[in-house]
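1. Need coordinates for the following:
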Amino acid sequence: MPGGMGRRLPGLCWLFLVLLLTPAAAVVVGEPGPRRHAYAAMMYMGTPRDYEFYVATRVMMRSLRGLSAHADRVVIASLDVPPTWVQALKDDGVTVVSVDNLKNPYEKQENFNTRFKLTLNKLYAWTLVSYDRVVMLDSDNMFLQNTDELFQCGQFCAVFINPCIFHTGLFVLKPSMEVFKNMLHELGVGRENRDGADQGFLTSYFPDLLDQPMFHPPVNGSKLDGNYRLPLGYQMDASYYYLKLRWSIPCGPNSVVTFPSAPWMKPWYWWSWPVLPLGLSWHEQRRELLGYSSEIPMALFQALLYIGVIAVNRLARPSLSKLCYNRRMEKNIMFSLTTLRVVAAWSILAAYIVPFFLIPRTVHPLLGWPLYLLGSFSLCSLVISVFILQPLAVLTIWFGLIGTLFVMACPWYMNGVVRALAVFAYAFFCAPVAWSSLVKIMSSLQNLIERDAYRLGEPNQTVEFTKLY
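-> Predicted coordinates for the structure are as follows:
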């Protein structure tokens, strides 16, 4: 028995040790306490680009999670945001705060842009009083690294992209209901606002930020008081990258890229790359974090449709040409020629424009551009068959577009200036070729009209001779 007890004693000791440590382990892996900081963005409805900004917000919030940001992620959403979008954000671990839209008192200003009508909802960030600091963000920010040190900044901190006006695409604030109520009062009395949006209001509300010291996070992790300017590295304007095709921002960490460009050139649109080289970086981030499950079915349907158009065109080509030429023509040949030229020109133009607007706007560029080229090729082939045009003349622009994509996407340029010069040189040499193809198309139409008119004047010609033309 003593020997048996001696053998059991180590096992009993291990069991006792496990029971002793189990409660402690449960404390370690249990639910974390409420966080004191938050990254926040806003969403509202009423613009033609609501879905695109919704996608951009999800990508940005997921990127913050991927960077292990030690803060909550919050979206201030107006009450009319679709419930499916709200639920998707919640599934991503985002806290959604529903709010009423703030009435914009600047709507009747001369320079007011209606797309900024609801941007004053950004002021709701000051109502997030459960947090000690909040970093308020626009959806067109792309994070390159963790920026949790921003929570050490003071009551209000922002970046000056413009030498004299700070940018409200990213700013740090200390929530306060008192400040929020004062802001509402200032809206009511009509505080000066140069653009009628959040940018103009906040620059008017914090007019002396330019005179404040630059923010440098304390090494001991403590929080600062007062207002500060943030280094440019926290809001690197994408245009700075396009000048040198690399980042070289000496002040502050190169942490966040912003895209304050025209709305139709935001990085989430498929046509943004290779026009804007950073567009591909944003889409790669989306591919890794969110995917393209909502756009892929429509893209595949369009691809099959275009392939079907090409196949039908090949099979029915002889019949299609009769739509224009195997019919009794008007006595006025010049009128017929003019009409045919106009119809052919508009048909060619439509062949290049229609596919552009049918493609899902937020699909990956490496899928969007091939789909566009396939669609324009299929419709051009249809135009060629109907009007019996020279294929090379009609497809000159198509080949030119492929060359443009290669020139712009080339990764070996020294800087943005060399890239711009290369694109200009390519366009300069392609212009005469494009003009020549247009002349050939018009000449081809004229010859076919004259031949058809001559043929119709001789009724004894055989069917075979008719088909020859």
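2. Surely Arg229 is in a strand?
-> Yes: counting by DSSP: H, G, I helix; E, B strand; the rest coil, Arg229 is located in a strand.
3. Let me see the confidence value for it.
-> Note for Arg229: predicted pLDDT of 96.
4. now Leu389
-> 86.
5. Could you double-check that it sits in contact with Cys380?
-> No: look at Leu389 against Cys380 with Cβ atoms under 8 Å: they stay out of range, at 9.2 Å. To be clear about C-beta, it is placed using only N, CA and C from the backbone, and glycine gets the same treatment.
6. Could you check how far Leu67 is from Ile353?
-> To Ile353, Leu67 is 40 Å away according to Cβ to Cβ, to the nearest Å.
7. Name the residue in these two with the higher neighbour count.
-> Leu67 (15 against 12; other Cβ atoms under 10 Å).
8. for that one, what are its contacts?
-> Neighbouring residues of Leu67 by Cβ atoms under 8 Å, 6 or more residues apart in numbering: Phe143, Gln145, Asn146.
9. how about the strands of the stretch 251-400 of the chain, start to end?
-> In the stretch 251-400 of the chain, the segments counted as strands under DSSP state E, counting those that start in this stretch are 256-258.
10. Got phi/psi on Lys103?
-> Dihedral angles of Lys103 (phi, psi; degrees, to the nearest 10) stand at phi -70, psi 130.
11. tell me the centre residue of this protein?
-> Trp268 (1.9 Å; Cα atoms, centre = their mean).
12. Sketch out the helices for the stretch 51-200 of the chain, chain order is fine.
-> Residue ranges of the helices in the stretch 51-200 of the chain, as given by DSSP state H, counting those that start in this stretch, are 83-91, 177-189, 198-205.
13. likewise the stretch 301-450 of the chain?
-> With helices called from DSSP H, counting those that start in this stretch, the stretch 301-450 of the chain shows them at 317-325, 333-358, 365-387, 391-394, 396-409, 416-456.
14. how distant is the second one from the center of its chain?
-> This points to helix 333-358. A distance of 31 Å separates the centroid of the chain from that of helix 333-358, by Cα atoms, centre = their mean, to the nearest Å.
15. again, but for the shortest one
-> In this view, helix 391-394 has its centroid 33 Å away from the chain centroid, taken as Cα atoms, centre = their mean.
16. now stretch 220-234
-> 29 Å.
17. List the buried residues for that stretch?
-> Residues Leu224, Asn227, Tyr228, Arg229, Leu230, Pro231, Leu232, Gly233, Tyr234 are the ones in stretch 220-234 that count as buried (16 or more other Cβ atoms under 10 Å).
18. Contacts for it, please.
-> So stretch 220-234 is contacted by 132-133, 147, 150-161, 166, 170-172, 206, 208-210, 212-215, 218, 249, 251-256 (Cβ under 8 Å, 6+ apart).
19. PyMOL command for the buried members of the residues you listed?
-> Buried residues among the contacts of stretch 220-234 (16+ other Cβ under 10 Å), as a PyMOL selection:
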select buried, resi 133+147+150+151+152+153+154+155+156+157+158+159+160+161+166+170+171+172+206+209+212+215+249+252+254+255+256
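20. Any idea how far apart the tips of stretch 147-164 sit?
-> 24 Å (Cα to Cα, to the nearest Å).
21. what does stretch 82-92 rub up against?
-> Met43, Tyr54, Thr57, Arg58, Met61, Arg62, Arg65, Arg73, Val75, Ala77, Val96, Ser98.
22. and if we set it to 10 Å?
-> For stretch 82-92, contacts defined as Cβ atoms under 10 Å, 6 or more residues apart in numbering pick out 41, 43, 45, 50-51, 54-55, 57-58, 61-62, 65, 73-75, 77, 81, 94-96, 98, 289-290.
23. What about those, which are in strands?
-> If you go by DSSP state E, these have Ala41, Met43, Arg73, Val74, Val75, Ala77, Thr95, Val96, Ser98 in strands.
24. Excluding chain neighbours, what is closest to the first one?
-> In other words, Ala41. Spatially, and ignoring its direct neighbours in sequence, Ala41 is nearest to Leu137 (4.9 Å; Cβ to Cβ, 6 or more residues apart in numbering).
25. Spit out the contact partners of the residue nearest to the centre of the chain.
-> So Trp268 contacts 49, 52-53, 55-56, 59, 139-140, 259, 279, 282-283, 286, 361-363 (Cβ under 10 Å, 6+ apart).
26. Torsion angles phi and psi at it?
-> Per degrees, to the nearest 10, the backbone of Trp268 is at phi -80, psi -10.
27. Check it and give its pLDDT.
-> The model's pLDDT for Trp268 equals 95.
28. Same check on Ala238?
-> 87.
29. which stretches of the stretch 301-450 of the chain have low pLDDT?
-> Counting by pLDDT under 70, the ranges of the stretch 301-450 of the chain that qualify are 318-337, 448-450.
30. mind running it again at 50?
-> 326-331 (pLDDT under 50).
31. Leaving out sequence neighbours, find the closest residue to Val55.
-> Closest to Val55 by Cβ to Cβ, 6+ apart is Thr362, at 5.3 Å.
32. sorry, that was for Leu243
-> Gly416 (4.7 Å).
33. Tell me the spacing between the one you found and Tyr240.
-> 10 Å.
34. what touches both of these two?
-> Common contacts of Gly416 and Tyr240 (Cβ under 10 Å, 6+ apart): Arg246.
35. picking that back up, make TSV from the contacts of Leu67 and add neighbour count and distance to Leu315 to it.
-> Output for those, formatted as TSV (neighbours: other Cβ atoms under 10 Å; distance: Cβ to Cβ, whole Å):
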residue	neighbour count	distance to Leu315
Phe143	19	52
Gln145	10	56
Asn146	15	58
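36. which of those lies closest to Trp412?
-> Gln145 (26.7 Å; Cβ to Cβ).
37. wait, the closest one sits on Val257?
-> No: using Cβ atoms under 10 Å as the test, Gln145 is too far from Val257 to be in contact (11.0 Å).
38. There's contact between the residue nearest to Leu243 and Ala238 in this structure, I believe.
-> No: counting by Cβ under 10 Å, Gly416 does not reach Ala238; the two are 11.1 Å apart.
39. These two: who's more crowded?
-> For Gly416 versus Ala238, the count of surrounding residues by other Cβ under 10 Å is larger for Ala238: 21 against 17.
40. Can you point out the buried residues in stretch 234-252?
-> Buried, per 16+ other Cβ under 10 Å, within stretch 234-252: Tyr234, Gln235, Met236, Asp237, Ala238, Tyr240, Tyr241, Tyr242, Leu245, Ile249, Gly252.
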